[in-house]
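1. Below are the sequence and a predicted model for it; my questions follow.
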Amino acid sequence: MHKAVEGRSARRVPASWPGRTAGIAALAVTAVALLVFEYQFRHIEAVAASAMISVLTPTLAATTAPIIWFGLGQPQAFGLVITPDCSSALLLVPLCLLGIGLMIPRRLHAGRVASGLGGAAVMLVGGNLARIAIIALAIRVAGLGLGYQVGHLIVGSLVSIVCIAASLVFLAWTITSPWRHPAGAGSPQVN
């Protein structure tokens, strides 16, 4: 939807309130679904992490629980339970709430907000899967006691912090980036 103004280039018309309301409702439903179905979401995370890590070591996700088994068939085999505190759902629900807040002002382009939220969500889930892999690798290298402590509490926490910061920077950049305004398309030109 473009509206041409006499003597000026076309300018994108902002999303209408019904469109924004639909986006807000979709984010709210997503947040509630993540909270209600957190156990099933954790199981999906375990299956995804198992598939990703299985290229490095024998790995298996439990069939009905959010547990990943590593090093199967070896004496040092171990399992990790993805608890609610270690699930990326814990990161995605606040992201949905932030998205609701960003959808309310009409001056923010709803499509950019949606793109930024989608990219940020992918970064958060990918970072959480990488964190699980790091914990498994640390346990494999340093043993169950020290490896778990270093992998989970130190390195895993650093990975989470970096991914949270990167996802928020990506979101802000996607919403505010000047390169997304082609010259002459309603954006102010800088001389």
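-> Okay, I see it.

2. Helix, strand, or coil at the residue nearest in space to the middle of the chain?
-> Per C-alpha atoms, centre = their mean, the C-alpha nearest to the average position across the chain is that of Ala121, at 2.3 Å. Classification of Ala121 using DSSP: H, G, I helix; E, B strand; the rest coil returns helix.

3. got a list of what it touches?
-> 92, 95, 167 (C-beta atoms under 8 Å, 6 or more residues apart in numbering). (Glycine included, C-beta is placed from N, CA and C.)

4. Tell me, what's the model's pLDDT at it?
-> Ala121 carries a pLDDT score of 96 in this model.

5. go on, Lys3?
-> The model's pLDDT for Lys3 equals 48.

6. Can I get stretch 144-155 as CSV, trimmed to CA atoms?
-> Extracted as CSV, the C-alpha positions of stretch 144-155 are listed here (Å, rounded to 0.1, in the frame of the first residue of the first chain):
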residue,chain,number,x,y,z
LEU,A,144,30.1,-34.4,35.7
GLY,A,145,31.0,-32.2,38.7
LEU,A,146,33.4,-29.6,37.5
GLY,A,147,32.2,-29.8,33.9
TYR,A,148,28.7,-29.1,34.8
GLN,A,149,29.6,-26.2,37.1
VAL,A,150,31.9,-24.6,34.5
GLY,A,151,29.6,-25.3,31.5
HIS,A,152,26.3,-24.4,33.1
LEU,A,153,27.2,-21.6,35.6
ILE,A,154,30.0,-19.8,33.8
VAL,A,155,30.3,-20.4,30.1
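
7. pLDDT (mean, whole number) over that stretch?
-> pLDDT averaged over stretch 144-155 gives 92.

8. 30 is where my numbering starts, stick with that
-> Understood, numbering begins at 30; the last thing we discussed is stretch 173-184.

9. and Ala60, how many neighbours does it have?
-> Ala60 has 19 neighbours, counted by other C-beta atoms under 10 Å.

10. Where do the strands of this structure begin and end?
-> Assignment of strands within the chain using DSSP state E yields the ranges 31-32, 40-41, 88-90, 96-99, 107-110.

11. Strand partners (parallel or antiparallel) of the third one?
-> The pairing partners recorded for strand 88-90 under DSSP bridges are strand 96-99 (antiparallel).

12. so how far is the partner strand off the chain centroid?
-> 22 Å (C-alpha atoms, centre = their mean, to the nearest Å).

13. for the record, mean pLDDT for it?
-> Here the average pLDDT along strand 96-99 is 90.

14. Just the residues contacting it, thanks.
-> In contact with strand 96-99 (C-beta under 8 Å, 6+ apart) are residues 75, 78-79, 82, 86-91, 106-111, 161, 165, 168-169.

15. let's see 7 Å
-> Under the criterion C-beta atoms under 7 Å, 6 or more residues apart in numbering, residues 75, 78-79, 86, 88-90, 106-110, 165, 169 lie in contact with strand 96-99.
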